[in-house]
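K.L.:
3D model of this:
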Amino acid sequence: MKSKFIFLLTFLCSMNLYAQPGEGQWENLFNGKDLIGWKLLGGKATYEIKDGELVGTTVSNTPNSFLTTEKEYGDFILEVELLVHPSMNSGIQIRSLSKKEYQNGRVHGYQVEIDPAARAWSGGIYDEGRRGWLYNLELNPAAKTAFKNNVWNKYRIECIGHSIRTWVNGIPVAHLIDAETSKGFIAMQVHAIPASEPAGRQVRWKNIRIQTGKLKPSAPDRIFVVNTVPNNLSRQEKSLGYRLLWDGKSAKGWTASNNKIFPENGWNIQDGVLSVLKDQVGQPATGGDIVTTKQFAAFELKFDFKLTEGANSGLKYFVNTFNGSALGLEYQILDDEKHPDAKLGIKGNRTLASLYDLMPAQKVPASIKKMGEWNQGMIRVLPDNKVEHWLNGYKVLEFNRGSDEFNAFIAQSKFKSVQGFGLTSAGKIMLQDHGDEVFFRSMKIRELK
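P.N.:
Below you'll find the model as predicted:
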């Protein structure tokens, strides 16, 4: 019996020894000896092998440099250990491309950030050469402490279908659902440096390994999800309690603000987009505001919106009837450059993402999209009456309903004579028809307790 057990154990070990990569097994992406299977794109930073490690070194007067795999990868799990100079910036490109027809071969695609600076966005997801930040760590601040300076850090990256997830030292950092690129090369980046910065700083990588077959995604966690796929609820979003506030195809759950049915004219539902139509010159307005049939108290609401030039709209919450009018707090949706309302009010409190006529949004350049691009807005209302406005991954406004500051802003606004404005325990959510064409999609909500 003992001899049979030894034979079986030996057989199983030999089977594991000869198992092929791509079937749930790890494959070394870097052999520790040479750069076979890799090539240099972009700048002229140096890459060399020392003691089995891949070492990238900064060089002055050259753009971002990328040591890329010759092979492209679609779905995979990648693990790598890295040590970076604390004054450097670097990254790991995944599903990335370099094509002559795109900016003369510029490397572009998803980048998992290596950021030892005080900002601490290591593990965040950036779209190199294309859209910029897709998942910064302001969305998951608890993960800012995952990366450690002056020591080796271990990264794990899972790309399965539209889902891209990252971990740093075992801590979940970013979760992106995105359909822009399904396949591309993997690359180790050495970032360009300004002339004022000394050359010769290094980032080192080792134990670079990959799985490409029989992939098993990690279990859902509790971190925030950025989902750019229209009207899609990911597995993790569902586990966090999100549901579609608008189903992407019908008027179910919505009515006119002054009627029990959805407007017959003035709004359009087509190809997964809900749009308010532009009023025609010389013709009476036809649509009007629309509201949810349900009321909400504490919640987190994510929504995509797209403006047309000079447009004005808004998303209102805690909407109730005051003196016969449906009123509520408003997340302003506005073309700040072309619409005159941006110059009215007090200190910009009628600009994009502001609390309309009350408090201005403190936007940063990276939070502003070009006209005609989709924006991602978010309103977070916590059970303790703290409220946040977010725009394209950045928190731009924060206040507390009922606080002395809030009441002072009410007192100097157009709502000063409306008793109890903004203070109701619950209310409907409204999309405003201001006579301009504006588009909405991916409206998702989860109720908080």
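K.L.:
Mind listing residues that contact the helix or strand harbouring V55?
P.N.:
Per DSSP states H and E: V55 is located in strand 53-57. Residues outside strand 53-57 that contact it (C-beta atoms under 8 Å, 6 or more residues apart in numbering): 30, 32, 45-49, 65, 67, 90, 188-190, 199-206, 208. For the C-beta atoms, the positions are set from N, CA and C on the backbone; glycine is no exception.
K.L.:
Give me the buried subset of those residues.
P.N.:
Burial of the contacts of strand 53-57 was assessed by neighbour count (16 or more other C-beta atoms under 10 Å); the buried members are 30, 45-47, 65, 67, 90, 188-190, 201-206, 208.
K.L.:
returning to that earlier point: and the contacts of strand 53-57, which of them are in helices?
P.N.:
Per DSSP state H, helices hold no members of these.
K.L.:
tell me the mean pLDDT over the strand holding V55?
P.N.:
Strand 53-57 shows an average pLDDT of 98 in the prediction.
K.L.:
Just give me how far it sits from the chain centre.
P.N.:
30 Å (C-alpha atoms, centre = their mean, to the nearest Å).
K.L.:
mind listing the strands for the stretch 201-350 of the chain?
P.N.:
For the stretch 201-350 of the chain, applying DSSP state E, counting those that start in this stretch gives strands covering 202-211, 226-227, 243-244, 254-256, 267-270, 273-276, 290-292, 299-307, 312-322, 325-334.
K.L.:
Would you mind giving these as JSON lines with distance to N61 added?
P.N.:
Shown next, in JSON lines, are the strands of the stretch 201-350 of the chain (distance: least, C-beta to C-beta, whole Å):
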{"stretch": "strand 202-211", "distance to N61": "18"}
{"stretch": "strand 226-227", "distance to N61": "35"}
{"stretch": "strand 243-244", "distance to N61": "51"}
{"stretch": "strand 254-256", "distance to N61": "57"}
{"stretch": "strand 267-270", "distance to N61": "51"}
{"stretch": "strand 273-276", "distance to N61": "46"}
{"stretch": "strand 290-292", "distance to N61": "56"}
{"stretch": "strand 299-307", "distance to N61": "40"}
{"stretch": "strand 312-322", "distance to N61": "47"}
{"stretch": "strand 325-334", "distance to N61": "42"}
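K.L.:
can you redo those strands as TSV with distance to I160 and mean pLDDT?
P.N.:
TSV is the format used below for the strands of the stretch 201-350 of the chain (distance: least, C-beta to C-beta, whole Å; pLDDT from 0 to 100):
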stretch	distance to I160	mean pLDDT
strand 202-211	10	98
strand 226-227	15	98
strand 243-244	23	98
strand 254-256	34	97
strand 267-270	31	97
strand 273-276	28	98
strand 290-292	34	98
strand 299-307	22	98
strand 312-322	33	96
strand 325-334	34	96
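K.L.:
Tell me which of these sits nearest to A195.
P.N.:
Nearest to A195 among those is strand 202-211; the distance by C-beta to C-beta comes to 19.0 Å.
K.L.:
strands paired with that closest one, and their directions?
P.N.:
strand 27-28 (antiparallel), strand 53-57 (antiparallel), strand 76-84 (antiparallel) (DSSP bridges).
K.L.:
Could you take the ones you listed and lay them out as CSV, with extra columns for mean neighbour count and distance to D304?
P.N.:
Converted to CSV, those look like this (neighbours: other C-beta atoms under 10 Å; distance: least, C-beta to C-beta, whole Å):
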stretch, mean neighbour count, distance to D304
strand 27-28, 12, 38
strand 53-57, 20, 37
strand 76-84, 20, 28
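K.L.:
need those in a markdown table with distance to G402, can you?
P.N.:
A markdown table is the format used below for these (distance: least, C-beta to C-beta, whole Å):
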| stretch | distance to G402 |
| --- | --- |
| strand 27-28 | 58 |
| strand 53-57 | 53 |
| strand 76-84 | 46 |
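K.L.:
Where does the prediction get shaky in the stretch 51-200 of the chain?
P.N.:
Within the stretch 51-200 of the chain, not a single segment meets pLDDT under 70.
K.L.:
let's go with 90 and repeat that
P.N.:
Counting by pLDDT under 90, the stretch 51-200 of the chain shows low-confidence ranges at 194-198.
K.L.:
can you give me the strands for it?
P.N.:
Per DSSP E, counting those that start in this stretch, the stretch 51-200 of the chain carries strands over the ranges 53-57, 65-69, 76-84, 90-97, 108-114, 125-128, 132-135, 153-160, 163-168, 171-177, 185-190.
K.L.:
Between those, which one is closest to Y331.
P.N.:
That would be strand 132-135 among the strands of the stretch 51-200 of the chain, by C-beta to C-beta, at 20.8 Å.
K.L.:
can you pull the contacts of D34?
P.N.:
Listed by C-beta under 8 Å, 6+ apart, the contact set of D34 reads I49.
K.L.:
Same check on P360?
P.N.:
Contacts of P360 by C-beta under 8 Å, 6+ apart are 346-349, 351, 354, 397.
K.L.:
one more time with 6 Å
P.N.:
347-349, 354 (C-beta atoms under 6 Å, 6 or more residues apart in numbering).
K.L.:
Surely V438 and S313 touch.
P.N.:
Yes: here V438 reaches S313: they are 4.2 Å apart, a contact under C-beta atoms under 6 Å.
K.L.:
which residue packs closest to L391, ignoring adjacent ones?
P.N.:
A353 (4.3 Å; C-beta to C-beta, 6 or more residues apart in numbering).
K.L.:
er, L134 actually
P.N.:
Among residues not flanking L134 along the chain, I125 sits closest, at 4.9 Å (C-beta to C-beta, 6+ apart).
K.L.:
Nearest to Q362 among the strands of the stretch 51-200 of the chain would be which one?
P.N.:
Closest among these, using C-beta to C-beta: strand 132-135, at 17.3 Å.
K.L.:
Sheet partners, orientation included, of the closest one?
P.N.:
For strand 132-135, pairing defined by DSSP bridges yields strand 125-128 (antiparallel).
K.L.:
who touches the strand it pairs with?
P.N.:
108, 110-111, 113, 133-135, 174, 176.
K.L.:
Recalculate using a threshold of 10 Å.
P.N.:
Here strand 125-128 makes contact (C-beta atoms under 10 Å, 6 or more residues apart in numbering) with 42, 64, 66, 91, 93-94, 96, 106-113, 115, 132-136, 157, 164-166, 173-176, 178, 180-181, 187, 189, 226.
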